[in-house]
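Trainee: Sequence and predicted structure are below.
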Amino acid sequence: MIVIFSRGDDFSTRDVKNKLISMGQDVIVIEPMAAMEKFSEISSDGIIFESLDGKRYNLLDATACWWRRTGIGMNNLVDCVQTKIVAGEQDLSKILNSSRNHFHEEFKDLRDYIYNTMYKKCPIHIGNPNRMGLNRMYALDLAKEIGLKVPEYAVITNYNQLEKLNKISDRFVSKAISNGIYDFFGHDAYYTYTEAQDKADFANKNIKLFPSLVMSLVKKSFEIRSFYLHGEFYSMAIFSQRNKQTSVDFRKYCTELPNKNEPFKLPDDIEEKLDKLYKKLDLNTGSADFIVDKEGNYVFLEINPVGQFQMTSLPCNYNLEQKIANYLVYGDRKNRIE
């Protein structure tokens, strides 16, 4: 049995699941939207989930786990969360919910226990439940220690601090410290994009901010998205500079003038340093973004532990869906299907 923790709207999960089924594998996808699998109990017998048709699964029987996306949500535990908490005749709802959301704290601790128990006991795993969200500044600092070139960055709380930061270039970008917004509502998708800003536009503006990450804008020749799986790299060059719409952030896709994408091999020394970074982060998968600047330097931007890989797989014919399925079945043994 192979267990995938994901989201119901993730098409990459769907495609890998179909590959696994074609290989004769039993696959359970635990996701929080439709919540077809419900938590039942934890005992000396294991961690039990039950499907809507009454079938019971012991997650500790899993031969492989993939932490793809969100995974277990509140809907996998209960059909609805009680908003009224009563002890005897006393209503404690306001007391408990004003100091902390008690149910969500309970949910988080239970979810973390399930994840970490499976991470420890499952023979094969892809991803790390403790690294599904990666602090961008921590990754940048670690990358710099390893020897990768990174942009200069700072965290500010007021616009007027920008002019004093000489290490930040006159043109800069602002990014989320953790993950940006990535969500779906019906047929609409919502993302946070990266936009270039000018320091001069914020001169003498005494406006307080929530702590905000700012980074020097790197003048690029092209971008690289590199998918990593257990020591192997599958990289793609993205020539996004030809279109103003995608020149700062290639994700602002232009269907009328799409970017040219092609398979790419990172230099050996960059791959060695990046492999070391993944190991220090205790990750065996992820998507890393680089910029190759005008001088030919490889500038590391970030690692997304749950980044989309089909955008690399399809244009470059890497067949990553099959490679992921192979790893979930065979681990680091030689892949039997290419």
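Mentor: That came through fine.

Trainee: Number of residues surrounding Ser313?
Mentor: Per other C-beta atoms under 10 Å, the neighbour tally for Ser313 reads 21. Glycine gets a C-beta too; all of them are placed from N, C-alpha and C.

Trainee: Rounded mean pLDDT for the helix or strand that contains it, please.
Mentor: In this structure, Ser313 sits in helix 310-316 according to DSSP states H and E. For helix 310-316, mean pLDDT rounds to 90.

Trainee: So what touches whatever helix or strand comes next after that helix?
Mentor: Scanning forward in sequence from helix 310-316 by DSSP H and E, the next helix or strand is helix 320-330. When contacts are defined by C-beta atoms under 8 Å, 6 or more residues apart in numbering, helix 320-330 is touched by residues 2, 12, 15-16, 19-20, 23, 25, 64, 66, 124, 126, 227, 229-230, 232, 234, 309-310, 312-313, 335-338.

Trainee: from the residues you listed, which would you call buried?
Mentor: If you count burial by 16 or more other C-beta atoms under 10 Å, the buried members of the contacts of helix 320-330 come out as 2, 12, 15-16, 19-20, 23, 25, 64, 66, 124, 126, 227, 229, 234, 309, 312-313.

Trainee: Just the ones of these in helices?
Mentor: When these are checked against helices (DSSP state H), the matches are 12, 15-16, 19-20, 312-313.

Trainee: could I get the residues you listed as CSV with distance to Pro211?
Mentor: Listed next are those as CSV, based on distance: C-beta to C-beta, whole Å:
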residue, distance to Pro211
Ser12, 32
Asp15, 38
Val16, 37
Lys19, 42
Leu20, 42
Thr312, 32
Ser313, 36
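
Trainee: ok, which pair from those is furthest apart?
Mentor: Pairwise distances across these (C-beta to C-beta) peak at 20.1 Å, for the pair Leu20 and Thr312.

Trainee: Check which helix or strand Thr157 maps to.
Mentor: Secondary structure assignment for Thr157, by DSSP H and E: strand 153-158.

Trainee: for that strand, which positions count as buried?
Mentor: So for strand 153-158, counting by 16+ other C-beta under 10 Å, buried means 153-154, 156.

Trainee: Can you name every helix or strand that that strand contacts?
Mentor: Applying 3 or more C-beta pairs under 8 Å, 6 or more residues apart in numbering; DSSP states H and E, we find strand 153-158 packed against helix 136-146, strand 208-216.

Trainee: tell me the angle that strand makes with helix 136-146.
Mentor: Here strand 153-158 runs at an angle of 150 degrees relative to helix 136-146 (axes from the mean of the first three to the mean of the last three C-alpha atoms, to 10 degrees).

Trainee: Heading C-terminal from strand 153-158, find the next helix or strand.
Mentor: Next along the chain after strand 153-158, taking DSSP H and E as the criterion, comes strand 171-175.

Trainee: quick one: average pLDDT of that following strand?
Mentor: Averaging pLDDT along strand 171-175 yields 78.

Trainee: Next up, the contacts around Lys205.
Mentor: If a contact means C-beta under 8 Å, 6+ apart, then Lys205 has 159-160 as its contacts.

Trainee: er, Lys167 actually
Mentor: 152, 154, 216.

Trainee: and if you look at Leu229?
Mentor: 126, 284-285, 320, 323-324, 327.

Trainee: can you list those in TSV and add distance to Phe172 and pLDDT?
Mentor: Shown next, in TSV, are these (distance: C-beta to C-beta, whole Å; pLDDT from 0 to 100):
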residue	distance to Phe172	pLDDT
Ile126	35	96
Asn284	33	95
Thr285	31	96
Leu320	34	96
Lys323	37	95
Ile324	36	96
Tyr327	39	96
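
Trainee: Which single one of these is nearest to Ile48?
Mentor: Ile126 (23.2 Å).

Trainee: Test my guess that the closest one contacts Asn284.
Mentor: Yes. Counting by C-beta atoms under 8 Å, Ile126 does reach Asn284; the two are 6.4 Å apart.

Trainee: okay, and the common contacts of those two?
Mentor: With C-beta under 8 Å, 6+ apart, Ile126 and Asn284 have common neighbours 229-230.

Trainee: Could you chop the chain up by domain?
Mentor: 2-126, 133-151+218-305+307-338, 153-216 (automatic domain parsing).

Trainee: Okay then, goodbye and thanks.
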